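Q: Quick one, structure for this:
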Amino acid sequence: MRKVVVYELLSLDGVAEDPDAFITEWDDVMDANLGEVIAPQDAVILGRRSYQEWARFWPSSEIEPFASFINPVAKYVATSAPLDPEWANAAAIDGDVVEFVRELKNQAGGEIGVHASISVAQALLAGGVVDELKLVVAPKIAGGGKRLLDGVPATALVMSASEVTPTGHLLLNYRVIS
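A: A predicted model of the protein is given here:
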């Protein structure tokens, strides 16, 4: 069975919205971590807003290691609207995102990544289909914005890895156990 891995950039107070406001430095350790996160992934689940923003930015980006990953990878978008703009290997999810991901987990393939899409990550956590959380926590307090774990039911986690980067970011990996 495939794993679902949620990768999110957070402020110290748990805000995931608008990470450019609190992730103002990026270092080589963070790059290496991102490379390790995306290497086993062959599918990504996105929400509509993240898709629209990313489909305008990533096709012409040369920011590595993510550009070489996100452009060719299979992208499934939680939306009932037509995908606009079009982006290679992207398809709208037909129906409930949790059920779609449950079915996708049972198909052959690599890991399934959830990147940037806060409401999708929350729905998948609430639906019990997330296997791991991989978080980058900035050494800044955002003070406001949508938090990743707001509204998510009680969930037991086990820390599987942690590291502090040269710029003071925490790299935290948790396995979901219930």
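
Q: low pLDDT regions in this structure?
A: Residue ranges of the chain with pLDDT under 70: 178.

Q: ok, and the closest non-adjacent residue to the most centrally placed residue in it?
A: Ranked by distance to the mean C-alpha position of the chain (Cα atoms, centre = their mean), the top residue is residue 115 at 1.9 Å. Excluding its sequence neighbours, the residue lying closest to residue 115 (Cβ to Cβ, 6 or more residues apart in numbering) is residue 7, at 5.4 Å. Every residue, glycine included, has its C-beta placed from N, CA and C.

Q: returning to that earlier point: ok, the residue nearest to the centre of the chain - contacts?
A: Taking Cβ atoms under 8 Å, 6 or more residues apart in numbering as the criterion, residue 115 is in contact with 7, 8, 44, 46, 50, 70.

Q: how about the residue nearest to residue 115, secondary structure?
A: strand (DSSP: H, G, I helix; E, B strand; the rest coil).

Q: For it, the count of nearby residues, please.
A: Look at residue 7: counted by other Cβ atoms under 10 Å, it has 21 neighbours.

Q: That one contacts residue 134, correct?
A: Yes - Residue 7 lies in contact with residue 134 (Cβ atoms under 8 Å); the separation is 4.7 Å.

Q: Now for the two: what residues contact both?
A: residue 37.

Q: how near is residue 165 to residue 5?
A: Relative to residue 5, residue 165 is positioned 19 Å away (Cβ to Cβ, to the nearest Å).

Q: What of residue 135?
A: For residue 135, the distance to residue 5 - Cβ to Cβ - is 11 Å.

Q: Same check on residue 29?
A: Residue 29 is 19 Å from residue 5, by Cβ to Cβ.

Q: neighbour count winner among these two?
A: Using other Cβ under 10 Å, the more surrounded residue of residue 29 and residue 5 is residue 5, with 20 against 15.

Q: Next up, the contacts around the closest residue to the more buried one other than its chain neighbours.
A: Nearest residue to residue 5 in three dimensions, chain neighbours excluded: residue 132, at 4.7 Å (Cβ to Cβ, 6+ apart). Residue 132 sits next to 3, 4, 5, 6, 160, 173, 174, 175, 176 when contact means Cβ under 8 Å, 6+ apart.

Q: Now for the fifth one: which residues touch it?
A: With contacts defined as Cβ under 8 Å, 6+ apart, residue 160 is in contact with 132, 173, 174, 175.

Q: Three-state assignment for the last one, please.
A: Going back to what we said before, that points to residue 175. Relying on three-state DSSP, one would call residue 175 strand.

Q: my read: it touches residue 161, true?
A: No - in this structure, residue 175 is not within contact of residue 161 by Cβ under 8 Å, at 9.8 Å.

Q: Specify which residue of the two has the higher count of neighbours.
A: Legend: neighbour count by other Cβ under 10 Å for residue 175 and residue 161, higher for residue 175 (15 against 12).
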